[in-house]
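S.K.: just the structure for this:
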Amino acid sequence: MNVKIKHDPVDKAKADVLVVPVSQNTPLPAKSPAAQLDAHLDGLISDYLDSGDFTAELNQTALLRTRGRIPAPRVLLVGLGKPEAFTADHLRQASASAATTVRKLGVATMSMLLPACDLSPTDMAQVITEGTLLGLYTLKTYKSPKPEDKDNLRELHILDPDNQTQSALSKGVKRGQILAEAVALARDLANSPGNDVNPLYLADTAKRIAKETDLKCNILDKADMTKLKMGCLLGVAQGSEQPPVLITLEHNPHGTSEAPIVLIGKGITFDSGGISIKPAANMEDMKMDMSGGAAVLGTMQALAKLNYPRRVIGMVPASENLPSGTAVKPGDILRAMSGKTVEVINTDAEGRLVLADAIAYAVETYKPERMIDLATLTGAVVVALGSEATGMMGTDDEMMERLRKAGDHSAERVWQLPLYEEYSKQIASEFADIKNVGGREAGSIIGGAFLKEFVGETPWVHLDIAGTAWTTKGNPYMPKGATGVGIRLLVDALEAMPKSTSKSKTSAKSNAKTSGKAKV
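M.R.: Below you'll find the predicted structure:
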């Protein structure tokens, strides 16, 4: 969809539908574009609001015919909810509600007035663009088109009749488009079936992103992992015929040697649970178990297009987790790249195993300033937080505070869980250094405690997105299925960081480990 800034007077706007955001139980602000439009419509909007048929509750819509009084044949009222509770996300949701309503009309263009609110023009343009594009998202690859499917909506016009904020609005539109495209990429990956999206597919996606941006891509294959002694990642992969990969995308806009920020996303492209097999009900949704990896790929694409000034490394350890005669078994002991031995108690706790080797590789190879991992790691976090917040824990209090603020701004909220030393006692093993699960208590925290064993002194945050990466109920800009959670959160948090002056201590030995690999 094309998004354009238009400066037409409200009574001259040419669009199939003119969208007017309205606050709940509130008169149209005097001299506002909405009030000016109402005057040209002989009080049509205010009369309708006075009737009580439309209260402007959040996401409520009402379609009015203009009867030739202005070029636009229809006006769509969309509710913003109570003004005292208004947030940027309300405008994001209302924009999505308007867009999906307009799409059902089968028309080509919609024009949207800016609401009277405290948001800056840039923020308004960004959330309107995000809401519209994300609300219209759908995965069409696998469905045959039907004649009744109306999807002719091609243009969104953001109406700025005063022509005072062109630059600010354009900046917001561009940012909104970049973020929405990145989220759509992640949704496509997580919604698509595992027979298409396998580890090599993720690798090819990373290569394509690198070619379209200034990112550098490096792929470690099974032979590389064997040389690096990544026993945990290889152990998870050994039950599948699909070879594992470790994907690395590097964003280094200034070619500096500063210690990077490392983002790591779990990339299990299908999770059956392995020998500890999952129940059949809803197992088909386990194609989304690579949502953390999808979020990292999308984030790296967005950072490159936004010209983010700092060095960032994105990593995705990708594998399938399947049962077979070669699959890892409960009771097996794996040796991680770090040298630590892990007793596998439950093969369905595989995400922490692949992340362990990726984290150890990042620490040794890149000596990062800090690390953040995202993973659909535990069902326990869904019990604790439901689908409204991502579980967060770690050793980097400064970054966790940034993520908390970014979550409130982006509406991808996080909630910090404790990571006391006492929790680590639950993963003590009789036969190995640690075990991969620790009983029923504090399941999501135990997953974090396991990962903590591999981060060393590097400041680190773990985001458990098991409850937020997939939705069965949806909201206006999150259709049912994969949400693409994490991208807007990470971009906001990273942009809040000060410019780094640290230098990387990457060793020649570490660099040699990836020498000779094809780079994109």
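S.K.: low pLDDT regions in the stretch 101-250 of the chain?
M.R.: In the predicted model of the stretch 101-250 of the chain, residues 148, 150, 164 satisfy pLDDT under 70.
S.K.: just the helices in it please.
M.R.: 121-135, 166-191, 199-212, 222-228, 231-237 (DSSP state H, counting those that start in this stretch).
S.K.: packing partners for the last one?
M.R.: Taking 3 or more CB pairs under 8 Å, 6 or more residues apart in numbering; DSSP states H and E as contact, the helices and strands that helix 231-237 lies on are helix 222-228, strand 312-321, strand 333-335, helix 351-366. For the C-beta atoms, the positions are set from N, CA and C on the backbone; glycine is no exception.
S.K.: hmm, try it at 10 Å
M.R.: Helices and strands touching helix 231-237, by 3 or more CB pairs under 10 Å, 6 or more residues apart in numbering; DSSP states H and E, are helix 222-228, strand 245-251, strand 267-271, strand 312-321, strand 333-335, strand 341-343, helix 351-366.
S.K.: can you list those in JSON lines and add mean neighbour count and distance to Ser424?
M.R.: JSON lines is the format used below for the helices and strands packed on helix 231-237 (neighbours: other CB atoms under 10 Å; distance: least, CB to CB, whole Å):
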{"stretch": "helix 222-228", "mean neighbour count": "16", "distance to Ser424": "25"}
{"stretch": "strand 245-251", "mean neighbour count": "26", "distance to Ser424": "26"}
{"stretch": "strand 267-271", "mean neighbour count": "28", "distance to Ser424": "24"}
{"stretch": "strand 312-321", "mean neighbour count": "28", "distance to Ser424": "22"}
{"stretch": "strand 333-335", "mean neighbour count": "19", "distance to Ser424": "19"}
{"stretch": "strand 341-343", "mean neighbour count": "21", "distance to Ser424": "14"}
{"stretch": "helix 351-366", "mean neighbour count": "26", "distance to Ser424": "13"}
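S.K.: just send these back as TSV, with distance to Lys12 too.
M.R.: TSV is the format used below for the helices and strands packed on helix 231-237 (distance: least, CB to CB, whole Å):
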stretch	distance to Lys12
helix 222-228	62
strand 245-251	44
strand 267-271	51
strand 312-321	45
strand 333-335	68
strand 341-343	68
helix 351-366	55
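S.K.: okay, now Pro418: neighbour count?
M.R.: Neighbours of Pro418 under the rule other CB atoms under 10 Å: 10.
S.K.: Ala482: neighbouring residues, count only.
M.R.: 27.
S.K.: just list whatever residues bridge to it.
M.R.: Trp470 (DSSP bridges).
S.K.: OK, contacts around it?
M.R.: By CB atoms under 10 Å, 6 or more residues apart in numbering, the residues touching Ala482 are 137, 139, 183, 186-192, 285, 287-288, 290-291, 294-295, 469-471.
S.K.: what subset of these is buried?
M.R.: Taking 16 or more other CB atoms under 10 Å as the criterion, what is buried in these is 137, 183, 186-192, 287-288, 290-291, 294-295, 469-471.
S.K.: please name the nearest non-neighbouring residue to Ala304.
M.R.: The shortest distance from Ala304 to any residue other than its chain neighbours is 3.7 Å, reached at Thr213 (CB to CB, 6 or more residues apart in numbering).
S.K.: since that was my last question, I'll sign off now.
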